[in-house]
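1. Build me a model from this:
(2 chains)
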2 protein chains.
Amino acid sequence: MAEVCSATSSSIRTTIMSPMNSWDEGHASRCFSTSSSPTIRARCAHQSESTLSSAAPSSSMASKSSRGEGSSMGAPTSRGISLYSLSSEGRIRIPDETQSLLRRWPRASSTSRLGTLRCRITFMARGRPERFTMTAEFPTPGLWLIGLGPGDLGHMTERAMSVARRCKKRYLEGYTALLPKDQEERLEELVGPWKRLMRPSVENPEDLLEEAREGSIALLVVGDPMQATTHIDLEARCAERGVGFEVVPGMSATSLAVSLSGLQSYRFGRQVTLPYAYGDCLVTSPLELIDANYVSGLHSIVLLDLDPTGMGIDPPQPMQPAEAVAMLERMVSRLVEEQGERESLAVPVGEWDGILLSDIGTVDQRVIAGHLGDLSEVQGGFIHTLILPAEMGVNEREAFERRVVG
Amino acid sequence: MAEVCSATSSSIRTTIMSPMNSWDEGHASRCFSTSSSPTIRARCAHQSESTLSSAAPSSSMASKSSRGEGSSMGAPTSRGISLYSLSSEGRIRIPDETQSLLRRWPRASSTSRLGTLRCRITFMARGRPERFTMTAEFPTPGLWLIGLGPGDLGHMTERAMSVARRCKKRYLEGYTALLPKDQEERLEELVGPWKRLMRPSVENPEDLLEEAREGSIALLVVGDPMQATTHIDLEARCAERGVGFEVVPGMSATSLAVSLSGLQSYRFGRQVTLPYAYGDCLVTSPLELIDANYVSGLHSIVLLDLDPTGMGIDPPQPMQPAEAVAMLERMVSRLVEEQGERESLAVPVGEWDGILLSDIGTVDQRVIAGHLGDLSEVQGGFIHTLILPAEMGVNEREAFERRVVG
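-> Below you'll find the predicted structure:
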């Protein structure tokens, strides 16, 4: 009766089941379903690649060390090293194969080498703000991944704004994360006209890459562009096809959430995404990750799913606090049913400490600490994130209390 | 003979032993020393608070769940919840104790309530860039923690730049992280005149807080301001004294390092700082954290120490790649000596895979993948970060290879 959904799709290249672009998580290791309808398969399928490589972190993996062997899963290992360095224009460059391993790139000799690059990640460093004005002078051809930062466009960096303005054409990547409506309306004013690009055009980016071969194409991404698997995949595709690939980083929503919590950043464990259940297809691996962090004394940042269909096509429907808490309760029941009681899960979910972060980085931002039972009653807000603290230090507990109303 | 240094200083409030401001780590659980000189005490002392609450994550802590009890270490738990919400000016406000728990703050009614706030974290949302011009109109009195982003000031957000310009006075926090010399020179041009503030003035901030009571004081912090324990402590002190506290977030160096690595962000475990050894005072806990991440299939971001004295007063001396690799080797020897062989540590350190990130976010940035033996030969660069990948997925291995020269 139970179907292990995650085994259905080793061919899927990328894993998108998560809300913000930094919220890309694959952990649906076991997805029990009472049905084997194609929809459920599809839902579970796109969770599977990183599932296979990253689920159940505490047991199955890596007990046989392959450290330094470097050939366990991927391409054959080279023993060399490479340099990404910046040109005089602040371009990070990967030298060609013939370069000396340890050579420091002279800053002045760079532009002539651009043709040899396999891919480039760019910060356009050293540029003064004045340099980045609205001008006809476009950046070099290629795909420019540009981070918008979370929520409010005031979080865009100077560089991101300038480069986006100067690209020939702009797309807003519209499915790994969302920009609030009013910010979307501001976007044109700040960076120029843009079009929306949904999942199919990003995951099968042939048209996009062809455009990028000819001119500078900006792919605007909410948060930081390289936090999502899909975008790392774009780096690979550009490298394969010899198309320029450049990144202008942005502030990540996850990092902002950690900051806002007042908890100590080095005490966070692995990040977790809480996916929608699809009918009876309820995964328990997110809870296992949370629990593993907890018993290790590490806080969990829990990203709530955006997309009940898992297809990345429809307008997102961010999971609400009540749904998230109910989901955790269902997972606890399921886990206890399957594996027996755990001391760390003995306290009812409604009494767990939590910090709810809603619409962070936007004008509607709220940060609320309390028990999950109380947090589940919070209404309003659009996109939510939960932080589940492990045992807190004195300063952390005080920060938590400052976010609580007595 | 061996002295457990970490027990010497429960009175130290904050832990700074780490390079970038997002690199605040306390893990020196056991610090063996053959001497008990005051210097060594001092060195170990400031590592200890978060050590006590966070070291040895995989064993001692939290096996007795205090989830939801909320009173294990800190202040008494309140069962209520609080709202940080934004005013019409984009100010996040904590309502006073009498507010209804679940009330959504009306955006228009905010300014009159500012007097009741215990602390405020501000994003100045909704502000158009044009609004933030150089003007005599100062932000409200209080301490404004403003993130500069890592390395290059092009990574400053619009908001950070505007708010910094408009503050009455600016200090550059100069010990949890560093701005490259040329960027320091640019800072005045971008935000106005500033002074440097070193550790003593930040950890005993009486003068700073008195100034902030009267006017808007910007504390400029490289990276994201709330990633360092010291800065969360400032939130507490401001709350105690009724001084305004506002944060304008910045891009964090850790988050950028994860992005640049091409590895998947959700597969990173707890972050680790590799401290300088002080004579024979060599901690092995960083290695234990790295190893715990590794056997759980999680990558480690390893932040290299900036400060051999641990005092935060002298100009920083960032640890170099060769020193870092040698330190890991010493730690492996020590750990094996104490606890016996481990399968996960059987491969020689020089053959571990690693990604070296040097001077990220600056014009000198380099990202180099390879074996640690090779990486340890890399010369040049100022501030370095290491990423030690666990077993990599196919896409991750490919990203790793793209950062290697064959």
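
2. could you pull out the helices for chain A?
-> Using DSSP state H, the helices of chain A run over A:38-45, A:48-54, A:158-166, A:181-191, A:199-203, A:206-214, A:229-241, A:253-261, A:285-295, A:321-339, A:372-375, A:394-402.

3. of all those, which lies closest to residue A:351?
-> Taking Cβ to Cβ, helix A:372-375 is the member of the helices of chain A nearest to residue A:351, at 6.5 Å. Backbone N, C-alpha and C define where each C-beta goes, glycine included.

4. For that closest one, the averaged confidence score.
-> Across helix A:372-375, pLDDT averages out at 96.

5. Any idea which residue of the stretch 251-400 of chain A lies closest to chain B?
-> Closest contact between the stretch 251-400 of chain A and chain B, by Cβ to the nearest Cβ, is at residue A:397 (2.1 Å).

6. How many residues are close by that residue?
-> Close neighbours of residue A:397, defined as other Cβ atoms under 10 Å in any protein chain shown, add up to 24.

7. How about residue A:241?
-> Residue A:241 has 14 neighbours, counted by other Cβ under 10 Å.

8. what's the answer for residue A:207, then?
-> Around residue A:207 there are 10 residues (other Cβ under 10 Å).

9. these two touch, right, it and residue A:201?
-> Yes: shown here, residue A:207 and residue A:201 form a contact pair, counting by Cβ atoms under 8 Å, at 6.9 Å.

10. The residue of the stretch 251-400 of chain A closest to chain B and residue B:203: what is the separation?
-> Using Cβ to Cβ, to the nearest Å, we find residue A:397 at a distance of 20 Å from residue B:203.

11. Look at the residue of the stretch 251-400 of chain A closest to chain B and report its pLDDT.
-> Residue A:397 carries a pLDDT value of 96.

12. Now do the contacts for residue A:388.
-> A:290, A:293-294, A:299-300, A:302, A:352-354 (Cβ atoms under 8 Å, 6 or more residues apart in numbering or on different chains).

13. Those also near chain B: which ones?
-> Contacts with chain B within the contacts of residue A:388, counted by Cβ under 8 Å from any Cβ of the partner chain: A:294, A:352-353.

14. Would you show me how to pick out the buried ones of those in PyMOL?
-> Applying 16 or more other Cβ atoms under 10 Å in any protein chain shown to the ones next to chain B among the contacts of residue A:388 leaves a buried subset, and the PyMOL line that selects it is:
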select buried, chain A and resi 294+352+353
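
15. and chain A, what are its domains?
-> A:85-251, A:255-402 (automatic domain parsing).

16. Those: which one's closest to residue B:163?
-> The closest of the domains of chain A to residue B:163 is domain A:85-251. By Cβ to Cβ, the value is 9.6 Å.

17. Surely residue A:372 is in contact with residue A:355?
-> No: the pair residue A:372 and residue A:355 does not pass the contact test of Cβ under 8 Å, sitting 10.2 Å apart.

18. Comparing the two, which shows the higher neighbour count?
-> Neighbour count, other Cβ under 10 Å: between residue A:372 and residue A:355, residue A:355 has more, with 26 against 23.

19. Which residue is the nearest non-sequential neighbour of the more buried one?
-> residue A:387 (4.2 Å; Cβ to Cβ, 6 or more residues apart in numbering or on different chains).

20. residues in contact with the one you found?
-> Per Cβ under 8 Å, 6+ apart, neighbours of residue A:387: A:257-258, A:261, A:263, A:299-302, A:354-355, A:357.

21. what pairs with it across the strands?
-> As for beta bridges, residue A:387 partners with residue A:301, residue A:355 under DSSP bridges.

22. what separates it from residue A:245, distance-wise?
-> Distance, residue A:387 to residue A:245, by Cβ to Cβ: 33 Å.

23. List the contacts of the residue nearest to residue A:255 when sequence neighbours are not counted.
-> Leaving out its chain neighbours, the residue that sits closest to residue A:255 by Cβ to Cβ, 6+ apart is residue B:255, at 4.3 Å. Residues near residue B:255 by Cβ under 8 Å, 6+ apart: A:224, A:227, A:251-252, A:254-255, B:22, B:224.

24. Using TSV, please lay out those together with pLDDT and distance to residue B:380.
-> What follows is these, written out as TSV (pLDDT from 0 to 100; distance: Cβ to Cβ, whole Å):
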residue	pLDDT	distance to residue B:380
A:224	93	27
A:227	84	29
A:251	94	29
A:252	91	29
A:254	90	32
A:255	90	28
B:22	34	23
B:224	93	27
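
25. which among those gets closest to residue B:315?
-> Out of the contacts of residue B:255, the member with the shortest distance to residue B:315 (by Cβ to Cβ) is residue B:22, at 20.3 Å.

26. excluding its backbone neighbours, what's nearest residue A:235?
-> Using Cβ to Cβ, 6+ apart, the closest residue to residue A:235 is residue A:245 (5.3 Å).

27. Surely that neighbour is in contact with residue A:233?
-> No: Residue A:245 is not in contact with residue A:233 according to Cβ under 8 Å; the separation is 11.1 Å.
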